[in-house]
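Q: Give me coordinates for this.
(one chain, ligands or ions: 1)
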Amino acid sequence: MGDGDGGWESWKWDESLFAGAARYYVQGRLPYAEGLADVLAEALGLDGRGRLLDVGCGPGVVALRLAHLFEEAVGLDPDADMLAEAARLAGDQGVTNATWVCLRAEELPGGLRQLPDRHPGGLVPLAGPAGRGRGGEDHARARGRGGDEAAELPYPPPPDDAIVALRRRYLGPDTRAGQGIRNTSPSGEDSVFRAAGFAPARRVIVPDGRIVERSIDDLVAMRFSSSPSAPHLFGGRVAEFEADLRRLLAGASPSGRFSVRLPDNILSIWQPR
Ligand SMILES: C[S@@+](CC[C@H](N)C(=O)[O-])C[C@H]1O[C@@H](n2cnc3c(N)ncnc32)[C@H](O)[C@@H]1O
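A: Okay, the predicted model is just below:
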């Protein structure tokens, strides 16, 4: 078991964090806003030169969306299964200027050669907090358009509270992460970046608000793509959990369809002072 106190500070990278999650990721996660690449290109003055480094790229969803705005894109992630998925998707999408590096962010530069960069120091855009709504138990936040929203949607919203309760029945009340527990997430990125010589963050919103349809398979994939309910955590009971989850979802929507309104993406952009 892990650190026991449930705090972020004592949690260390753990190979099993997303174990088994990669193959569910693209199906399970909500898509980023359609305007992501255009808004970022405009905000950062991207012109096809330079190199993108996507740290914590997972299956490369963001790097693949942005690769055409750079000479080359490098996706970095410590999870080899995620990178295999990224390479597969790059092939499917015909993206030829992306490479994938199996490393933790803490190991950078890790042999990555320096480019003659026109933006020395680089730029660090992060999606959040609405961007984080793509994965977890937060369809409610993703809906976020007032109390009558559900009545306007073609299908019911996913029953997030019941799904969390089911997960807790299997895994206990703590939020699991790899072999440990992580009940909090780090915050204060702005002070970290400022201490490293970056200007205060600029926030740029990429509007979304599309209503998407989610099947039971999509919602099962979302669960298994998420570190607090990654398949490895259930051990021998993973099939039992999946069957219970499918029953719960079928009960919540007889058509087997759910509606989710996609959140705007909020980008935090730090640039060198
Ligand atoms: C929630 S996923 C996000 C994937 C992708 N950026 C996206 O938006 O779809 C987080 C990813 O960060 C990776 N990760 C976690 N800790 C990391 C670290 N210390 N260094 C680099 N990547 C890390 C995980 O392996 C996982 O693939």
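Q: so Ala252 touches Asp160, yeah?
A: No: counting by Cβ atoms under 8 Å, Ala252 does not reach Asp160; the two are 10.1 Å apart. The way it works is simple: take the backbone N, C-alpha and C, and place the C-beta from them, glycine included.
Q: Can you give me the neighbour number for the nearest residue to Phe234 once chain neighbours are set aside?
A: What sits nearest to Phe234 in space, not counting adjacent residues and going by Cβ to Cβ, 6 or more residues apart in numbering, is Phe241, at 4.9 Å. The tally of other residues near Phe241 (other Cβ atoms under 10 Å) stands at 22.
Q: Output the contacting helices and strands for the strand or helix carrying Phe241.
A: Following DSSP states H and E, one finds Phe241 within helix 238-252. Counting contacts by 3 or more Cβ pairs under 8 Å, 6 or more residues apart in numbering; DSSP states H and E, helix 238-252 packs against helix 160-171, helix 216-224.
Q: hang on, isn't the residue nearest to Phe234 packed against Gly235?
A: No: under the criterion of Cβ under 8 Å, Phe241 is not in contact with Gly235, lying 9.9 Å apart.
Q: which residues touch Glu240?
A: Phe234 (Cβ atoms under 8 Å, 6 or more residues apart in numbering).
Q: And the closest residue to the ligand within the stretch 151-273 of the chain, what's its pLDDT?
A: For the stretch 151-273 of the chain and the ligand, the shortest gap (Cβ to the nearest ligand atom) falls at Ser227, measuring 7.3 Å. Reading off the confidence values, Ser227 has pLDDT 88.
Q: before we move on, the earlier item: Throw the helices and strands packed on helix 238-252 into TSV and include mean pLDDT, mean neighbour count and distance to Gly110, thanks.
A: TSV is the format used below for the helices and strands packed on helix 238-252 (pLDDT from 0 to 100; neighbours: other Cβ atoms under 10 Å; distance: least, Cβ to Cβ, whole Å):
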stretch	mean pLDDT	mean neighbour count	distance to Gly110
helix 160-171	96	15	33
helix 216-224	97	21	29
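Q: List the single closest residue to Gly50 in space, sequence neighbours excluded.
A: Nearest to Gly50 is Phe70, by Cβ to Cβ, 6+ apart, at 5.5 Å.
Q: Could I get the contacting residues of that neighbour?
A: Counted by Cβ under 8 Å, 6+ apart, Phe70 has contacts 46, 48-52, 97.
Q: Now rank these by neighbours and give me the top one.
A: Neighbour counts for the contacts of Phe70 (other Cβ under 10 Å) peak at Leu52, which has 22 neighbours.
Q: Alright, calling it a day.
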